[in-house]
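Asks: Generate coordinates for the sequence data below:
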Amino acid sequence: MDLDLDVTEGSIHHARHVLVEGVRMWGLDDLAVDLGLVVTELLTNTMRHARQPNGAPAERARCLVQRIPAGLVAVVHDEDPTLPEERIADADALDGRGLHIVREMAASMAITPSPGGGKDITVILNAPPTSLAADGAAA
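Replies: As a prediction, this is how the structure comes out:
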């Protein structure tokens, strides 16, 4: 699945819905909610923090989700080359936990400069062994 979207609250909500339903269609129900949360966190970070080269807020992002033998790989791309820094949020803070949540949910997470400009955040979500076994039996 490949989504190119405007970075707004509405488009983030729509992307989450499309990706969750797509993953369910692939038979990976156990990963659908996790993927939705991960992508929402990453796209929200883009909306709040990413900047265009002229300093204006980022307007666009791209989200690619692919099925792999162990589960899913998701890549969120934006045009801001600034790599995010994971923060340690105060106990009563309302934000500042997004990357930490993503890192905890993912089997791996990498933040890299994109060859064409901007950055890519790549996340791998592993399916529980029972999901893959059931999917393989159905194939």
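
Asks: tell me the contacts of the residue positioned nearest the centre of the chain?
Replies: The residue lying closest to the centre of the chain (Cα atoms, centre = their mean) is residue 39, at 3.0 Å. Residue 39 is in contact with 15-16, 19, 63, 65, 74, 76, counting by Cβ atoms under 8 Å, 6 or more residues apart in numbering. Quick note: C-beta positions are derived from backbone N, CA and C, even for glycine.

Asks: Assign a three-state SS to it, would you?
Replies: Classification of residue 39 using DSSP: H, G, I helix; E, B strand; the rest coil returns helix.

Asks: I'd like to know how many residues surround residue 1.
Replies: Residue 1: 18 surrounding residues under other Cβ atoms under 10 Å.

Asks: Around the nearest residue to residue 57 once chain neighbours are set aside, count how many other residues there are.
Replies: In this structure, residue 57 finds its nearest non-sequential neighbour in residue 51, 6.4 Å apart by Cβ to Cβ, 6 or more residues apart in numbering. Residue 51 has 14 neighbours, counted by other Cβ under 10 Å.

Asks: was I right about residue 51 contacting residue 80?
Replies: Yes: using Cβ atoms under 8 Å, residue 51 makes contact with residue 80 at a distance of 5.0 Å.

Asks: and residue 74, that one's in a helix?
Replies: No: counting by three-state DSSP, residue 74 is not part of a helix but strand.

Asks: The strand or helix carrying residue 111 packs against which elements?
Replies: Using DSSP states H and E, residue 111 maps to strand 108-113. Applying 3 or more Cβ pairs under 8 Å, 6 or more residues apart in numbering; DSSP states H and E, one finds that strand 108-113 contacts helix 98-105, strand 119-126.

Asks: ok so, going back, list the ones among the contacts of residue 39 that fall in helices.
Replies: Those of these mapping onto helices are 15-16, 19, per DSSP state H.

Asks: So the closest residue in space to residue 76 that isn't next to it in sequence: helix, strand or coil?
Replies: Leaving out its chain neighbours, the residue that sits closest to residue 76 by Cβ to Cβ, 6+ apart is residue 42, at 4.1 Å. Applying three-state DSSP to residue 42 yields a three-state assignment of helix.
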